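Peer 1: Next come a sequence and a model predicted from it.
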Amino acid sequence: MSNASENSTRTVLVTGGNRGIGRAIAERFLEAGYHVAVTSRSGEGGPEGALTVKADVTDTASLDTAFSQVEAEFGHVEILVANAGITRDMLLLRMTEEDFSEVINTNLTGIFRSVKRATKGMLRAKFGRIILISSVVGLYGSPGQVNYATAKAGLVGMARSITRELGSRGITANVVAPGFIETDMTAALPEETQKEYLSAIPAGRFGEVADIANTVSWLASDEASYISGAVIPVDGGLGMGH
């Protein structure tokens with residue numbers, strides 16, 4: 001990754017950057033010297049050194065206000081890491097339309113809202129990095145996650161369409177697909193379930209949030225300026241790039 005002095009004028013916004021993978025990504029950019037902002041639903045809880053703004057990705061007006069706050073502090077967003085998401089896991093026959101639509105609205109439409117708002121400044125600057133946080137589930141599938149997998153798979157088509165629309169304007173759009181990453185959410189799973197997942201991972205270990213943060217920071221760097229429309233799995237071989 002490029003050094004801090006080269007990136008000190010660039011602004012990063014990480015949605016859902018107050019915990020888990022999003023927080024680790026924000027901290028990685030802070031270490032590298034970027035101006036970093038994160039969104040959270042409460043407007044609190046972001047890492048030290050980051051500007052934390054209140055935003056709900058299901059609310060366009062809320063997002064617009066958050067972006068305006070970031071722009072007032074740092075200038076336009078040059079790097080967007082669209083990470084905010086929820087789960088409503090349930091087997092298909094028991095999944096309600098509300099369970100499905102809530103996940104789609106946050107994990108897919110919410111990212112569309114975030115990207116659309118961010119590209120306004122990127123187009124003016126003729127520079128932008130759009131990084132969408134998907135999941136191995138979006139490519140590999142998972143029982144009980146029809147809604148989540150659908151949303152995460154949709155991000156692939158989104159990134160590739162954005163690449164074809166905006167690639168000539170200095171804007172890249174890529175997808176990072178994490179596998180089983182050690183977070184508070186995964187730690188709460190029963191031990192037997194964790195063992196079952198582990199047995200399917202060729203690397204023989206679960207991932208760490210740093211694995212995702214390092215990949216995202218590289219995609220945002222000048223070293224990855226000719227990569228767009230790509231799906232990068234960070235899953236220890238679980239999905240085999242599907």
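Peer 2: Looks like it came in fine.
Peer 1: now the helices for this structure?
Peer 2: Listed in chain order, the helices of the chain (DSSP state H) span 4-7, 20-31, 60-74, 97-104, 110-125, 136-140, 146-166, 184-187, 191-199, 209-220.
Peer 1: Check this protein for me, the residue farthest from its geometric middle.
Peer 2: L93 (29.0 Å; Cα atoms, centre = their mean).
Peer 1: returning to what we had before: of all the helices of the chain, which lies closest to P47?
Peer 2: helix 20-31 (5.0 Å; Cβ to Cβ). Placement of C-beta: from N, CA and C, glycine included.
Peer 1: Tabulate the CA atom coordinates of that closest one in CSV.
Peer 2: Provided in CSV are the C-alpha atoms of helix 20-31 (Å, rounded to 0.1, in the frame of the first residue of the first chain):
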residue,chain,number,x,y,z
GLY,A,20,-16.4,-5.6,13.5
ILE,A,21,-15.0,-5.6,10.0
GLY,A,22,-16.0,-2.0,9.2
ARG,A,23,-14.2,-0.8,12.3
ALA,A,24,-11.0,-2.7,11.4
ILE,A,25,-11.1,-1.2,7.9
ALA,A,26,-11.5,2.3,9.3
GLU,A,27,-8.6,1.7,11.7
ARG,A,28,-6.4,0.4,8.8
PHE,A,29,-7.0,3.6,6.8
LEU,A,30,-6.3,5.8,9.9
GLU,A,31,-3.0,4.0,10.4
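Peer 1: low-scoring pLDDT stretches of the protein, where are they?
Peer 2: 1-8, 185, 242 (pLDDT under 70).
Peer 1: Give the other helices and strands that the lengthiest strand in it contacts.
Peer 2: The single longest strand within the chain, with elements called by DSSP state E, is strand 171-178. In terms of contact count using 3 or more Cβ pairs under 8 Å, 6 or more residues apart in numbering; DSSP states H and E, strand 171-178 is assigned the packing partners helix 110-125, strand 128-133, helix 136-140, helix 146-166, helix 209-220, strand 231-234.
Peer 1: Can you give the distance from the third one to the centre of its chain?
Peer 2: If I follow you right, that is helix 136-140. The chain centre lies 15 Å from the centre of helix 136-140; the measure is Cα atoms, centre = their mean, to the nearest Å.
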